[in-house]
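Asks: structure for this input, please:
(2 chains)
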Amino acid sequence: AQSVTQLGSHVSVSEGALVLLRCNYSSSVPPYLFWYVQYPNQGLQLLLKYTSAATLVKGINGFEAEFKKSETSFHLTKPSAHMSDAAEYFCAVSRRRGQLTFGSGTQLTVLP
Amino acid sequence: GAGVSQSPSNKVTEKGKDVELRCDPISGHTALYWYRQSLGQGLEFLIYFQGNSAPDKSGLPSDRFSAERTGGSVSTLTIQRTQQEDSAVYLCASSLGGAGGEAFFGQGTRLTVV
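Replies: Residues are numbered from 1 along each chain as shown, chains lettered A, B, ... in the order given. Below is the predicted model:
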C-alpha cells in the first residue's frame, strides 16, 4: 500500500528563514506526489505535484519540492518564509486509480 | 459552479440523530472523495468514487457511515445514530480522475454532535 510520512507535526521558522517540511513516501511503483496547504478554516489548496516529468517541481507562492527516489523523499522548501505562509501543509500520494492518501500534516508557524 | 460546494457549512446535531452532508463536485469531474478531519488530526480517508466503478469504501469507520453518488455528480454522506466522536470537519474533493489528477477541495462541513 502506498503511504506518506510527514516528519514533524509542528515546524517554526523565523520570517525570512528557509522553510523545510519533510515528506517520505512508501510505494512499490513510481508515485504521484502532492503538497497541499490548508489555511485556517479553509479547504485544501494544491501547492505543487510531482508526476515524473521533472524531479524538481515548482509550485505556487515560491514553494518547490524535489523528488529523490534514492531517499524516497519529497520535501517541500521555500527559501524565505513570509508571515502569510503560516498554515498546515499536507503531503499526499496518489494510487493508480487516483485515490489520494494524505500524511498527518505539518503545522508551520512563522515567527516575526 | 466554479468549485466544489459543500452544504451545510456547519451542522449541530444531537447524539443519536442521523445527518446528511452534501457535496456538489466540479462539473465534469469523475472522481469524488470524502475525508474526515478531526481537531488536530490529519485527513482520514472515508470513501472514493471514480466514474462508474464500484466505490472504494475501505475508509468508512463503521456501518453507521454510508455515501452515495447520484448520476455521477452530487454525493451525500450519511451518518446514522451520530456519536460525539463523529464531530469533525468533513471534506469533499473532486478531480478529473486518474493517478495524477489534482483534487479540488470544498470548504468542508463542520459537524458537532452534542
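Asks: how about B:Cys92, secondary structure?
Replies: Following DSSP: H, G, I helix; E, B strand; the rest coil, we place B:Cys92 in the strand state.
Asks: excluding chain neighbours, what is closest to it?
Replies: Of all residues beyond its chain neighbours, the one nearest B:Cys92 is B:Cys23 (3.5 Å), with distances taken as CB to CB, 6 or more residues apart in numbering or on different chains. Using the backbone N, CA and C atoms, a C-beta is placed for each residue, glycine as well.
Asks: list the residues that contact the one you found.
Replies: Going by CB atoms under 8 Å, 6 or more residues apart in numbering or on different chains, B:Cys23 touches B:Val4, B:Ser5, B:Gln6, B:Leu32, B:Trp34, B:Val74, B:Ser75, B:Thr76, B:Leu77, B:Cys92, B:Ser94, B:Gly106.
Asks: partner strands of the helix or strand of chain A with the lowest mean pLDDT, with direction?
Replies: Lowest on mean pLDDT, DSSP states H and E among the helices and strands of chain A sits strand A:100-102, with a mean of 87. Here strand A:100-102 has these sheet partners by DSSP bridges: strand A:87-94 (antiparallel).
Asks: what's in contact with the strand it pairs with?
Replies: Counting contacts by CB under 8 Å, 6+ apart, the residues outside strand A:87-94 that touch it are A:2-4, A:6, A:21, A:23, A:25, A:27, A:31-40, A:44, A:47, A:74, A:76, A:100-103, A:105-108, B:42-43, B:99-101.
Asks: low-confidence regions, the chain specifically.
Replies: Reading this off chain A. Across chain A, the ranges flagged by pLDDT under 70 are A:1-2, A:28-30, A:96-98.
Asks: meant chain B actually
Replies: B:1, B:40.
Asks: chain A contacts on chain B?
Replies: B:4, B:31, B:33, B:35, B:41-43, B:45, B:48, B:50, B:53, B:56, B:91, B:93, B:95, B:97-108 (CB under 8 Å from any CB of the partner chain).
Asks: rerun at 7 Å
Replies: Residues of chain B found near chain A (CB under 7 Å from any CB of the partner chain) are B:31, B:33, B:42-43, B:45, B:48, B:50, B:56, B:91, B:95, B:97-103, B:105-108.
Asks: tell me the buried residues within these.
Replies: Buried by 16 or more other CB atoms under 10 Å in any protein chain shown: B:31, B:33, B:42-43, B:45, B:48, B:50, B:56, B:91, B:95, B:97, B:99-101, B:103, B:105-108, out of the residues of chain B next to chain A.
Asks: how about the most centrally placed residue in chain B, what does it touch?
Replies: Centroid check for chain B by CA atoms, centre = their mean gives B:Trp34 as the closest residue, at 3.2 Å. B:Trp34 is in contact with B:Leu46, B:Ile47, B:Ala67, B:Leu77, B:Tyr90, B:Cys92, counting by CB atoms under 7 Å, 6 or more residues apart in numbering or on different chains.
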